Each structure stands twice: as structure tokens, then as C-alpha cells.
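[1] Model the structure of this input:
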Amino acid sequence: MTLKTLITASVATSSLLVFAPNAMAAPSPEGLYFGVGTGFSSLENDDGDVDDFIESGSEDFDVDDDDNSFKGFVGYNFNRYFATEAFYADLGRVELKGNDTANTDLESEAYGVSLVGKLPITNWFELFAKAGMAKWETDVDGNLGGASTDLKDNDGVDPVYGAGAQFNFTPFLVRAEYERYDFDSDYQVDSFSASVGWQF
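    Numbers count the residues shown, from 1 in each chain. Alright, predicted model coming up:
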């Protein structure tokens, strides 16, 4: 288990202990909510796929793909089973390591909207799944030595989907979730995060 995983789990657990006394109150089935979160991201592709993504002309590099990620979201509960969310995510940095002087950073961010389906387990605990579309941008900075120095930034609009669990400690919420940002077949980013928020 990585240090980032332990930190994310510790934040979520600490938040639960702080907010636990409020758990007896059920949240309103309708209304606005917002939250912020942090965690870590991981690239799911190999170096050949990344080469195609940035058009570097070389696969002679190593990929360091774990980094901190941050997110914010605003949503609206239509009832206990359905919501919509708008979100922004800073998905961190992927480092491509060539020789001693050849290193390239790929920094990605995304924003968009998702539909959220919820399954209430109790008045204060629910599971959810989400699917939506994200406008994303990946900035490429650096070079890979003998490879082309004209590396390609990339952007697009593609699906995002995920699942998680949420504790509703009215008016607070605490959630843990997994999301897949499917930028294209050559560049897919997984994000694991813990978030806290407020419900109106």
C-alpha cells in the first residue's frame, strides 16, 4: 500500500470520527451540495501508448505515473436516487524519464458534468455510480533527448465514469470514490480520492 493511499484513507477516517455525532439526522432528499477532495492519480497506459499520445517518436523512456490529485464538485440531488454534478479535477503530473537531461512532464486537468445514480443503504450511508463527459487538457513540457522536441499537447472531450460511497452527516458529507478519465485509448487516468462537503 502506498503512502498516498494511507494518507487518503487517514483523511477519510479522521473526517468520519469528527462528523459521526451528526449521523442520526437524515439528509434532505433534494437540494444543492458541494465539496472538495484530494487523493492520487495513476496512468493506466504503457510507454508505447504515451508515445502515440504525445507523438514523441520514441519509446525510450520510463513512466512515473503516480501523483497527487485534487478536485472540486457542485451537485444537485433531485431525490435520494438521482443527482447531477459539475466538477473540476487537477489530475496531477506524469513524468517521462529519458536520459539524465531528458525529462518530460505531462500535466492534466479536466472539467465537466456527470449523472449520478445513488443506492441508499441507510439514512446516512449510500453507494453511488456516475457517468459523464469531461473537457480535458494535457500540457506537455520538456523533451526526450534524441526524440522530437516538438512534443504535442493534447485536449478533447471524452467520457468519465466512476463509483464510490458517501456518508451523509447532515449537513456534512464525506465520500470516497474511484474515477476513470478516458482521455483516449492511449491515455487513461484513474483517480482515487476522499472528499468532504456541505449539503443545503
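[2] Contact partners for residue 31?
    Residues near residue 31 by C-beta atoms under 8 Å, 6 or more residues apart in numbering: 76-77, 199-200. For the C-beta atoms, the positions are set from N, CA and C on the backbone; glycine is no exception.
[3] Please read the previous query as pertaining to residue 62.
    So residue 62 contacts 47, 96-97 (C-beta under 8 Å, 6+ apart).
[4] Likewise for residue 162?
    Neighbour list for residue 162: 129-130, 177-180, 191 [criterion: C-beta under 8 Å, 6+ apart].
[5] One more pass at 10 Å, please.
    By C-beta atoms under 10 Å, 6 or more residues apart in numbering, the residues touching residue 162 are 114, 116, 128-132, 177-181, 190-193.
[6] all strands of the chain, in order?
    Using DSSP state E, the strands of the chain run over residues 31-43, 62-64, 67-77, 82-97, 103-120, 125-142, 154-169, 172-184, 187-199.
[7] And those: which comes nearest residue 54?
    Nearest to residue 54 among the strands of the chain is strand 125-142 (5.3 Å), distances taken as C-beta to C-beta.
[8] Can you name the residues bridging to residue 191?
    Legend: beta-bridge partners of residue 191 under DSSP bridges are residue 41, residue 179.
[9] okay but it is in contact with residue 39, surely?
    Yes. With contact defined as C-beta atoms under 10 Å, residue 191 reaches residue 39; the gap is 6.3 Å.
[10] what do these two both touch?
    Listed contacts common to residue 191 and residue 39 are 69-71, 89, 92, 177-179; contacts here mean C-beta under 10 Å, 6+ apart.
[11] Output those as CSV; include the columns neighbour count.
    Below are those laid out as CSV (neighbours: other C-beta atoms under 10 Å):
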residue, neighbour count
69, 27
70, 17
71, 22
89, 26
92, 22
177, 20
178, 13
179, 27
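[12] circling back: in ChimeraX, how would I select just the buried ones from the contacts of residue 62?
    The ChimeraX command for the buried members of the contacts of residue 62 (criterion: 16 or more other C-beta atoms under 10 Å) is given here:
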select :96
